[in-house]
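**Q** Return atomic coordinates for the entry below.
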Amino acid sequence: MVRISHAGIGLFLKTPSLGDAECIAENANDSELLDMVPSLARPFGVGDAIQLVGAAIGREPLGEFHLGIYDDSNALIGMCAVSSIDSESRSAEIGYWIGRRHWGRGLGGRAVGLLAGFCFSGLGLETVCAKTFSRNERSVRLLERLGFSTESECEEGFNGKAERVMLMRLYAKNTPLKIRPDISWKG
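**A** Coordinates of the predicted model:
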């Protein structure tokens, strides 16, 4: 179990628990969000959230991190992940989503900044990448504000249709992020 925080940021990341399943389902089962996150089941129910939490807990020993995003009131508002960690190239892929009722408040940017800080200072990575649909303008702008640059753009198939996907990358040596997260490991 991991918990990642930074004073004054207004949120923290941690391994979710089964008690979070209902809140995960409430946030994820939104047609607009599901349209942008092809890895989530449609519709997304409590059973899917329980599977997600079980997988999150099971993947940490394997070096993948699937974390809940929690606001200051300890409410789960979204999820994020670090996966495809490559120790040779010191790189990984990150992903994230925020429940729609929390959009427009800067929480996504703070969560991704905190997650990138964890990758650089906690895991010792040199680069992180994120994929987003090119039509997901909010996500593209969020990543650009954090210093990510577009590395490539291609067409991929999702749910039976072709989508333009952007691969965006952030390098530790070039990052404008100054977040050095507080990280606690348990278990």
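
**Q** Specify the helix with the largest residue count in the protein.
**A** The helix of greatest length in the chain, counted in residues with DSSP state H as the criterion, is given as helix 46-59.

**Q** Name the residues of that one that are buried.
**A** By 16 or more other Cβ atoms under 10 Å, the buried positions in helix 46-59 come out as 48-50, 52-53, 56-57, 59. Placement of C-beta: from N, CA and C, glycine included.

**Q** Tell me the buried residues in stretch 57-69?
**A** 57, 59-60, 64-69.

**Q** pLDDT check: weakest of those residues?
**A** Lowest pLDDT within the buried residues of stretch 57-69 is found at E60 (77).

**Q** Please name the residues that touch that residue.
**A** For E60, the contacting residues are 1-2, 15, taking Cβ atoms under 8 Å, 6 or more residues apart in numbering as the criterion.

**Q** Where is pLDDT lowest across the buried residues of helix 46-59?
**A** The lowest pLDDT within the buried residues of helix 46-59 belongs to R59, with 82.

**Q** Just give the nearest non-adjacent residue to it, would you?
**A** The shortest distance from R59 to any residue other than its chain neighbours is 6.0 Å, reached at H66 (Cβ to Cβ, 6 or more residues apart in numbering).

**Q** Would you check that that neighbour makes contact with A81?
**A** Yes - H66 sits in contact with A81 when judged by Cβ atoms under 8 Å, with a separation of 4.6 Å.

**Q** Now the nearest residue to P38 once chain neighbours are set aside: phi and psi?
**A** When the adjacent residues along the chain are set aside, P38 lies closest to F158, with 4.2 Å between them (Cβ to Cβ, 6+ apart). Note on F158: its backbone torsions stand at phi -140, psi 130 [degrees, to the nearest 10].

**Q** would you list every one of the strands in this structure?
**A** Ranges of strands in the chain, per DSSP state E, are 2-5, 11-14, 65-71, 76-86, 91-98, 127-133, 149-158, 161-171, 182-185.

**Q** Buried residues in the last one, which are they?
**A** Under the neighbour-count criterion of 16+ other Cβ under 10 Å, strand 182-185 has I183 buried.

**Q** ok, and the helix or strand in this protein with the lowest average confidence?
**A** The helix or strand of the chain with the lowest confidence, counting by mean pLDDT, DSSP states H and E, is strand 182-185 at a mean of 86.

**Q** Distance from the chain centre to that strand, please.
**A** 17 Å (Cα atoms, centre = their mean, to the nearest Å).

**Q** Mind giving me the packing neighbours of it?
**A** For strand 182-185, the elements it packs on are strand 2-5, judged by 3 or more Cβ pairs under 8 Å, 6 or more residues apart in numbering; DSSP states H and E.
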